[in-house]
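Student: here is my input; please provide its structure:
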Amino acid sequence: MDFSDYVTGYEVQHPLLLQGIKGVKSLIEELIATNYLTTFKSVIEGMNTVLVDHGKCSKCWLCVDLCPFEALVRKGGEVEVLDERCSGCGLCIELCPRKAIKGAFLLRVIDDDTDLPER
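Tutor: Below you'll find the predicted structure:
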């Protein structure tokens, strides 16, 4: 099997994640439709946070200083992301001189059968 499409340097990317949020959403919808997921529903809200690669980060603090939502803070000499504040606007991704910040999305799990689609 050729893994060259999934390996970039040392970073392995799952084929499903390469499809982006639509691929993950369609998988979850299929699992719900086939009754593999029956007691909870996963809601995908799009890119709504970021991840910081601390190995690449030069600690220039540009992202912390310029985030309009104050979602990036200094903590213990590192950049910490406050997910509840991050809008996923991508400004920090574009501004980072070391490309140490990547967009991400959170899955919110709701433990409530009333949120499941009708079958």
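
Student: can you pull the domain assignment for this protein?
Tutor: As given by automatic domain parsing, the domain ranges for the chain are 1-38, 39-112.

Student: residue 97 in helix, strand or coil?
Tutor: The assignment at residue 97 comes out as coil when based on DSSP: H, G, I helix; E, B strand; the rest coil.

Student: so who does it touch?
Tutor: Applying C-beta atoms under 8 Å, 6 or more residues apart in numbering to residue 97 gives the contacts 58, 60, 62. Glycine gets a C-beta too; all of them are placed from N, C-alpha and C.

Student: now with 10 Å?
Tutor: Residues near residue 97 by C-beta atoms under 10 Å, 6 or more residues apart in numbering: 58, 60, 62, 63.

Student: check residue 85 too.
Tutor: Shown in contact with residue 85 (C-beta under 10 Å, 6+ apart): 49, 67, 69, 70, 71, 72, 73.

Student: looking at this, it is in a helix?
Tutor: No. Residue 85 is assigned coil when assessed by three-state DSSP, not a helix.

Student: mind listing the helices for this structure?
Tutor: Applying DSSP state H to the chain gives helices spanning 15-18, 21-33, 62-66, 91-95.
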